[in-house]
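**Q** No sequence on hand, only this structure:
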């Protein structure tokens with residue numbers, strides 16, 4: 001099972017820069033260990049306010065208790081607040097899909113989807129759009145632009161991971177989805193995290 005963890009760190013007043021550097025170093029070592037164990041899959045940084053210290057992490061664990069043990073083993077946890085969201089498989093997730101490929105060059109983005117269907121929607125039109133959605137997401141996965149897709153807790157909610165040259169480019173891809181007229185979408189640009197397993201493996 002996969003989990004998205006929103007991690008916010010608050011450094012205690014009076015902490016020296018040397019102490020912060022030591023803590024970062026210990027955290028990087030532990031992150032590498034969790035990566036080797038297959039528990040830590042990805043790390044990203046969302047847009048940050050001045051002085052804000054925040055990351056998104058993608059973790060794999062058998063259950064919520066196991067992911068909590070992993071988070072509790074990370075040195076920064078003593079300064080950190082973690083919000084854990086369980087992720088479920090989505091029928092259009094590119095992971096393991098035949099023909100999917102590595103990410104196209106560009107910036108990674110999260111898209112937070114909420115599926116809202118008007119009560120008077122024609123069921124046959126919805127079925128056709130859903131079939132078209134499966135085909136279009138497969139095309140975007142083949143192009144390396146749609147990387148992952150998960151279901152979030154709550155009806156009609158989903159999370160997507162994308163690669164695009166710009167947010168405008170991502171919006172073009174989103175507008176090409178057959179279900180777009182029934183989707184509310186929030187976009188979060190992601191930047192590289194120094195301990196991201198994907199970055200470390202490339203390096």
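**A** Yep, that arrived. Just so it is clear, the model here is predicted, and its values are computed rather than measured.

**Q** What separation is there between residue 11 and residue 53?
**A** 7 Å (CB to CB, to the nearest Å). In this view, the C-beta of every residue, glycine as well, is placed from N, C-alpha and C.

**Q** That should have said residue 122, apologies.
**A** Counting by CB to CB, the gap from residue 122 to residue 53 is 49 Å.

**Q** Please apply the same query to residue 74.
**A** 14 Å.

**Q** Who's the closest spatial neighbour of residue 169, skipping the chain neighbours?
**A** Ranked by CB to CB, 6 or more residues apart in numbering and with sequence neighbours excluded, the top spatial neighbour of residue 169 is residue 106, at 7.4 Å.

**Q** and the one you found, what are its phi and psi?
**A** phi 150, psi -170 (degrees, to the nearest 10).

**Q** Also residue 137?
**A** With angles defined as degrees, to the nearest 10, residue 137 sits at phi -60, psi -30.

**Q** contacting residues around the residue nearest to it when sequence neighbours are not counted?
**A** Spatial nearest neighbour of residue 137, excluding adjacent residues (CB to CB, 6+ apart): residue 92 at 4.3 Å. Residue 92 sits next to 133-134, 137-138, 149 when contact means CB atoms under 8 Å, 6 or more residues apart in numbering.

**Q** Next step: those residues restricted to strands.
**A** residue 149 (DSSP state E).

**Q** low-scoring stretches of the protein, by residue?
**A** Under the criterion pLDDT under 70, the flagged ranges of the chain are 96-101, 200-203.

**Q** can we see that at 50?
**A** Applying pLDDT under 50 to the chain flags residues 202-203.
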